[in-house]
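J.: Have a look at this fold, sequence not included:
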């Protein structure tokens, strides 16, 4: 594959600062300003990958997985793109994919995708779940949630729709998404058999897989590790099986007294993954639903199977990430990462939180951001967000934003703790702006400039206060930063040099 | 001291559940329902400790510190009270105080206090800062913030007022507070010398100390570890000195080219502490103000001095806790606890957050709840909250609530991770209620029932939905908990026993 002729523009946010410098950050919302007003989703966004994919199809490739190319030492355009995006060499990216420690979710039908990479050596990523339920929301609202989520920083989005217009909703999400889209195909499969769990079968599942892959879904959650024998292990739990996919499959296994058909037909599923270049997200159908149930026999029995399936998928050159909990007390978090890395040979770990306590419904973006920051520090590659509505209802736009911001915090805190190259540059620039009372720069460098400015302006709305050497918290006479600056100036006057902040 | 005749009613919240059971939790707002509507703060609350203190004064005691009594193997009423409150034996409590690993902040003039204990073997506590600045708020508003903070779960409150009516504001806060009140006496001292840092001196400081102790302040932040020689160590920092007290003292030291007068006259300060039974909160005036500055030479040089001062205070039978950072990346948090425990011989650690990243002003209750949960798990005894307004402005009531809830989450998560006896009972009850679709019980057991209910009702407001076996997140056909319950019922029908949830 020719890698020489490809020079990409990489999406970046440029933050201009008042001292005539600027700072560039990773931009999840992509090149196409999908956050504009009066955006018409029916036009979709530019198809960046069209020429790349066309070339591969002309070459007669039948496995479109990035792993397939990496194993053949081919650096794809997707690898070049993410290498540039994250500041690594293309060879490093290729190698991480080759050994299975990173994936670039990228269905060849999702031409609008601006590639991103998920792996512990790269920036920690976050996923936002959207999707209607039988009760609420329209296509318009779901596309708007997609735009909103990637505007605030979602690296991938899962469409978990289970309601009406499931196919059309997904179509418009894909045609407007610069980020990888994931789904749980079992949900639509169940709709196809009219909600009768016992009528599920591998044929209708594979049809659904094909339908969704054809639309461009980049990764599928496949709950192939929920084995029949593991179900009784959940009887000691307080909250049983809390994964929707896991509970559906458990019911199916019990009804038919047969092994999980996703496990039995795993290789058939893999064939669809190869054909479109879809990545596995091996679902943890037996994840704990409360801190009491964390790290139990059921959870770890499934994890062992997910390890086996990881290697089976790799053998067929299909990319894999592995889903993880859920609800885990702080002292049990590390064990999850260590065991996953061991059993799954460092395939990227993709966890939901975890929540570190169960007593705060309404604030589970916080209970889970604590666990998420820690698990990412320990090595999790991507964090699935939790919104304040978790356990209570379907999130609205504000909830999506609150969830995304909490998880940007967790992911970034982990990047810092891991010593990721350049991770703390933004922190340091913001801290410097704070110390020098460059309020506008402090707002601009923050994750949510609108909120930072609003909070400041609540008590000091006057324009002049954007240059004041204090805020309303301590008032002018008790500002430590002003005093501290005075001391430094005094020192430097004595030493004959120039003051720091002028 | 007679411990036999004292039987106390301990403040507890009783949560009644729909299955005719109930659950009792620690109640910070105390016995006197200060959260009532039409509350008139001018009447104050009941003086629980009047007889205890009267007796001691009649006995001629001159050191009123709990450490003084513990060292003489005397179990005070305060110790009995906290023993009952936390479910330990009075002897255990006495011993923890005796070895300096726990304190009961309790000025003999704060008769309204319902004693609580701060130490790593006990429940992790949280502090809420209130107080006006020169710019904002009235006495009424500050007392209201006190009531509000303890209603949501603040274990202690610091009055950091620097504005007008500083004495009267503090008076009404104390007369209405069932929780220990802390202050930073340097602030009022600076007001007394009309804001001129160079005019500060030990006489006016001791007068202020006496004035505040006489009112009943339970612990004083004393920045006696900010030594003259440490100030240049902050020159390499991005944000210099960010503690208000620290920056004031640094300026004073530089101006006079003298050693910090709080360090020089530490023993005179200790005499006031003895007389009233006030506890030291040794301030970390050189704490880092951004993640870049964490764990640096200045911070740890000061911590070493705080260790020396801890032992000096203990020698004079005065209780001590030690303040800590601030802003610390996750990977550097543990070192803070380990070093503090070593240098300060396990005197309770009392940290502000720490924030694990600097890029989220407006969300620093979250950036800091992550660090707070971790540092408390590692052994910090009390967490000073951070509100969403941190770095931006003076917190209002909503900010106080948001800060308190985020910190209740952090503290509780740490209790669970530490395996504190009974800590997870509430989590397990809530999880069980969740699994059994007892929505009202789930709300009642949560940290903020109002918000949990409001979020649920946004999409399913009908009364009937409080018994529904689903919520709007997944809808009726995709509720994993309902499916999981069905599977269990099926199992139990086969086994001939009764279903779980009926």
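T.: Looks like it came in fine. The model shown is predicted, which means the values in this text are computed figures rather than measured ones.

J.: any idea how far the residue lying closest to residue A:491 once chain neighbours are set aside is from residue B:296?
T.: Counting by CB to CB, 6 or more residues apart in numbering or on different chains, residue B:235 is the residue found nearest to residue A:491 once chain neighbours are left out, at 7.0 Å. Just so you know, the C-beta spots here come from the backbone N, C-alpha and C atoms, and that holds for glycine as well. When CB to CB, to the nearest Å is the yardstick, residue B:235 and residue B:296 sit 11 Å from each other.

J.: for residue A:91, same thing?
T.: Going from residue A:91 to residue B:296 by CB to CB gives 37 Å.

J.: what about the two, which has more around it?
T.: The neighbour comparison of residue A:91 against residue B:296 (other CB atoms under 10 Å in any protein chain shown) goes to residue B:296, with 15 against 12.

J.: Distance of the more buried one relative to residue B:399?
T.: For residue B:296, the distance to residue B:399 under the criterion CB to CB works out to 30 Å.

J.: Could you double-check that residue A:106 lies in contact with residue A:218?
T.: Yes - applying CB atoms under 8 Å as the test, residue A:106 and residue A:218 come out as touching, 5.9 Å apart.

J.: Spit out the residues that contact the two alike.
T.: Taking CB atoms under 8 Å, 6 or more residues apart in numbering or on different chains as the contact criterion, the residues that touch both residue A:106 and residue A:218 are A:113, A:180, A:279.

J.: Could you dump the residues you listed into TSV with secondary structure, distance to chain B and pLDDT added?
T.: Written out in TSV, the entries for the shared contacts of residue A:106 and residue A:218 read as follows (DSSP: H, G, I helix; E, B strand; the rest coil; distance: CB to the nearest CB, whole Å; pLDDT from 0 to 100):
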residue	secondary structure	distance to chain B	pLDDT
A:113	coil	27	97
A:180	coil	23	98
A:279	strand	24	98
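
J.: Those residues, buried ones only, as a ChimeraX selection?
T.: Selecting only the buried members of the shared contacts of residue A:106 and residue A:218 in ChimeraX, with burial defined as 16 or more other CB atoms under 10 Å in any protein chain shown, works like this:
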select /A:113,180,279
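
J.: Closest one to residue B:256 out of the shared contacts of residue A:106 and residue A:218, please.
T.: Closest approach to residue B:256 among these (CB to CB): residue A:180, at 62.5 Å.

J.: for that closest one, phi and psi?
T.: Per-residue torsions, residue A:180: phi -60, psi 140 (degrees, to the nearest 10).

J.: Next: residue A:321.
T.: Dihedral angles phi and psi of residue A:321 (degrees, to the nearest 10) take the values phi -130, psi 160.

J.: Quick check: it vs chain B, distance?
T.: Using CB to the nearest CB, to the nearest Å, residue A:321 is found at 21 Å from chain B.

J.: again, but for residue A:102
T.: With distances defined as CB to the nearest CB, the gap from residue A:102 to chain B amounts to 22 Å.

J.: wait, that residue sits on residue A:92?
T.: No - contact status for residue A:102 versus residue A:92: not in contact, 9.6 Å apart, counting by CB under 8 Å.

J.: Which one of those two is surrounded by more residues?
T.: Residue environment comparison for residue A:102 versus residue A:92 gives the larger neighbour count to residue A:102, 29 against 15, counting by other CB under 10 Å.

J.: Ignoring the adjacent residues along the chain, who's closest to the more buried one?
T.: Nearest residue to residue A:102 in three dimensions, chain neighbours excluded: residue A:119, at 2.6 Å (CB to CB, 6+ apart).

J.: now swap in residue A:174 and tell me
T.: Distances taken as CB to CB, 6+ apart place residue A:216 nearest to residue A:174, at 4.5 Å, with adjacent residues excluded.

J.: Quick one: neighbours of that neighbour, just the number.
T.: Close neighbours of residue A:216, defined as other CB under 10 Å, add up to 25.

J.: avg pLDDT for the longest helix anywhere in chain A?
T.: Scanning chain A for the longest helix, with DSSP state H as the assignment, gives helix A:397-417. Predicted confidence along helix A:397-417 averages 97 (mean pLDDT).

J.: Now it: buried residues?
T.: A:399-417.

J.: What ranges does chain A have for its strands?
T.: Defined through DSSP state E, the strands belonging to chain A, from first to last, are A:12-16, A:22-26, A:102-103, A:118-119, A:125-130, A:156-159, A:181-183, A:219-222, A:279-282, A:320-324, A:349-352, A:382-384.

J.: need these in a markdown table with distance to residue A:54, can you?
T.: Formatted as a markdown table, the strands of chain A follow (distance: least, CB to CB, whole Å):
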| stretch | distance to residue A:54 |
| --- | --- |
| strand A:12-16 | 27 |
| strand A:22-26 | 28 |
| strand A:102-103 | 23 |
| strand A:118-119 | 25 |
| strand A:125-130 | 28 |
| strand A:156-159 | 24 |
| strand A:181-183 | 21 |
| strand A:219-222 | 22 |
| strand A:279-282 | 21 |
| strand A:320-324 | 27 |
| strand A:349-352 | 30 |
| strand A:382-384 | 29 |
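
J.: Residue A:351: neighbour count?
T.: The tally of other residues near residue A:351 (other CB under 10 Å) stands at 27.

J.: What residues are bridge-paired with it?
T.: Applying DSSP bridges to residue A:351 gives these bridge partners: residue A:324, residue A:383.

J.: which residues touch it?
T.: The neighbours of residue A:351, taking CB under 8 Å, 6+ apart as the test, are A:323-326, A:336, A:372, A:375, A:380, A:382-384.

J.: try it again with 7 Å
T.: Counting by CB atoms under 7 Å, 6 or more residues apart in numbering or on different chains, residue A:351 touches A:324-325, A:375, A:380, A:383-384.

J.: Likewise for residue A:110?
T.: By CB under 7 Å, 6+ apart, the contact list for residue A:110 reads A:174, A:181, A:216, A:218.

J.: By neighbours, which of the residues you listed wins?
T.: Per-residue neighbour counts (other CB under 10 Å) across the contacts of residue A:110 peak at residue A:218, which has 31 neighbours.

J.: looking at it, that residue is touching residue A:108, isn't it?
T.: No - taking CB atoms under 7 Å as the definition, residue A:218 is not a contact partner of residue A:108, at 9.9 Å.

J.: Need the residues touching each of those two.
T.: Common contacts of residue A:218 and residue A:108, defined by CB under 7 Å, 6+ apart, are absent altogether.

J.: which stretches of the stretch 101-250 of chain A aren't confidently modelled?
T.: Low-confidence segments of the stretch 101-250 of chain A, defined by pLDDT under 70: A:133-137.

J.: Close to chain B: what parts of it are there?
T.: With CB under 7 Å from any CB of the partner chain as the criterion, the stretch 101-250 of chain A comes near chain B at residues A:133-136, A:162-163, A:187, A:195, A:231, A:235, A:238-244, A:246-248, A:250.

J.: Show me what the mean pLDDT comes to for stretch A:365-380.
T.: On average, the pLDDT along stretch A:365-380 is 98.

J.: got the residue ranges for the helices in the stretch 1-150 of chain A?
T.: Counting by DSSP state H, counting those that start in this stretch, residue ranges of the helices within the stretch 1-150 of chain A are A:50-58, A:66-71, A:77-86, A:90-98, A:139-152.

J.: Residue A:71 and residue A:242: what is the separation?
T.: As it turns out, when the distance is counted by CB to CB, residue A:71 lies 36 Å from residue A:242.

J.: Between these two, which is the more surrounded one?
T.: It is residue A:242, of residue A:71 and residue A:242, that has more neighbours when counted by other CB under 10 Å, with 28 against 17.

J.: What number of residues are in the vicinity of the closest residue to the more buried one other than its chain neighbours?
T.: Spatial nearest neighbour of residue A:242, chain neighbours left out: residue A:289 (3.0 Å); criterion: CB to CB, 6+ apart. Residue A:289 sits with 29 neighbouring residues when counted by other CB under 10 Å.

J.: just checking, residue A:289 touches residue A:327?
T.: Yes - with contact defined as CB under 7 Å, residue A:289 and residue A:327 form a contacting pair (6.1 Å).

J.: Tell me which of the contacts of residue A:110 fall in helices.
T.: Among these, the subset assigned to helices under DSSP H consists of residue A:174.
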